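Chemist: A structural model of the following input is requested.
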Amino acid sequence: MADIPPEYDQYHKELQRAIDNPVALSSATLTSAANTVNSAASAGGSESGLLDEIKSMSGAATSVDNSFGDVAKLFLNVRNGLSSPAVKADMAKLETRWNTHHQTYKSLLWQSRAVAGKAQAAADDFTRDFVGFLGDDNESMKDKKNEIRSYLEVLEKDGKASETMAQGFADLRTGIISLVEDWKGLVVKYKIDALSARVENLKQEIDQLSRALVDLDLKIAALTAKLNVSYGFNGAVGVLGIIAPWWCFGILIQAILNLPLRVDIAKAQKERGDVDARYRNKLLEYQRTLPELIQVQELQGTLKQSNSNIDNIISKIAGFAKVWAMIRTDLQAIAEKLDYVVGTESERLFKSRLNSTAKLYAMLGKALYQYQIVITADHPAFVNMNARV
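Modeler: Modelled structure (predicted):
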């Protein structure tokens, strides 16, 4: 817990204890919680909230492209302001590597649209056809199990098609991290300059608050899973938690807010709002501070911020490649419970979970479709991206 602000440390420990020692919930309570997920996802404004978050993510993809361009210009400005031929030569090498990473990012971004389309088709197919088939009382248990086995094989095969994009983003992240480290080494080697203490402190605070948000989201998702509230749609929660964390957090909080737990879930709502506000304020302060720095310091700060922005958007877009694996996860979870659907209460719980699974994958399909609408070559936001060299 040392990586998050100390004022949130104790509550995160409480959440972890609740995860490690989950309370046992009755079938009726789990049915109610599953129904709450469905209701919350179906509520007025829920879909628009999800699509707005996807639009924001798509806008962030444009912003990342701009970040690449900003850093490239700063590299050039700093190199032109230096006199040592040796420094200029090393700087030129870094520039070339950075511009190569930029081109790779653009290529992967366009690939992500195709992957999103295929992932949407998988999510829609699962929602429209397969979930309904599993919930059909007229289908035999044997037929359901046979279809599940066949479908799992199809999902595994189709999922491999997205691995190239996911690996490409992973390699890009590694390459950028390596370049940032080499830049740091160059600064030390030639004693070009040192970071502004304020900028460094702000960066650390921003990183710390970001980790607090991620940890809180993961713990709420883990607690929901441990309580078996999200059983059957954990995979959908996993993907939506990556590409639309705020929306997904809100849905899960509603599902468990009023359950008889050993931890105050309302505190999670308050913490997320507080931390998010602090994060945005610190980020704004950081961005306002950068122009006051001399060129080398600005490059240092911009490079770090760009690295953070790039890492964030890469994580989100690469999440598309997880759709097939997450469907398989949820399908296997559903398959495990088929033999236990005996009696009114267990059947009601099974159907409730299936309905929530169908709803979340339907929402995921809409989110993926929204991404494709925005990420197009002729969209005004991306015309300049295509023109960049």
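Chemist: Low-confidence stretches in the stretch 1-150 of the chain?
Modeler: By pLDDT under 70, the low-scoring segments of the stretch 1-150 of the chain are 1-2, 82-83.
Chemist: Which helix or which strand is home to the spatially most central residue of the chain?
Modeler: Most central in the chain under CA atoms, centre = their mean is Ile242, positioned 2.3 Å from the mean C-alpha point. Assigned by DSSP states H and E, Ile242 belongs to helix 234-243.
Chemist: what's the longest helix in the chain?
Modeler: The longest helix of the chain (DSSP state H) is helix 85-125.
Chemist: mind listing what's buried in the helix or strand following that one?
Modeler: Next helix or strand after helix 85-125 toward the C-terminus (DSSP H and E): helix 131-134. Neighbour counts over helix 131-134 (16 or more other CB atoms under 10 Å) mark 131, 134 as buried. Just so you know, the C-beta spots here come from the backbone N, C-alpha and C atoms, and that holds for glycine as well.
Chemist: What is helix 131-134 packed up against?
Modeler: Judged by 3 or more CB pairs under 8 Å, 6 or more residues apart in numbering; DSSP states H and E, the packing partners of helix 131-134 are helix 141-159, helix 344-374.
Chemist: show me where the stretch 201-350 of the chain has helices.
Modeler: Here the stretch 201-350 of the chain has its helices, by DSSP state H, counting those that start in this stretch, at 234-243, 245-256, 266-289, 295-318, 323-337, 344-374.
Chemist: got TSV for the ones you listed, with distance to Ile54 and mean pLDDT too?
Modeler: Output for the helices of the stretch 201-350 of the chain, formatted as TSV (distance: least, CB to CB, whole Å; pLDDT from 0 to 100):
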stretch	distance to Ile54	mean pLDDT
helix 234-243	7	94
helix 245-256	9	95
helix 266-289	18	91
helix 295-318	9	82
helix 323-337	14	93
helix 344-374	5	93
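Chemist: how about those helices, which one is nearest Gly175?
Modeler: Checking the helices of the stretch 201-350 of the chain against Gly175 by CB to CB gives helix 295-318 as the closest, at 10.6 Å.
Chemist: Tell me the helices and strands packed up against that closest one.
Modeler: helix 46-80, helix 85-125, helix 163-190, helix 197-226, helix 234-243, helix 266-289.
Chemist: right, so those: which one is the most enclosed?
Modeler: Stretch with highest mean neighbour count among the helices and strands packed on helix 295-318: helix 234-243 (a mean of 24; mean count of other CB atoms under 10 Å).
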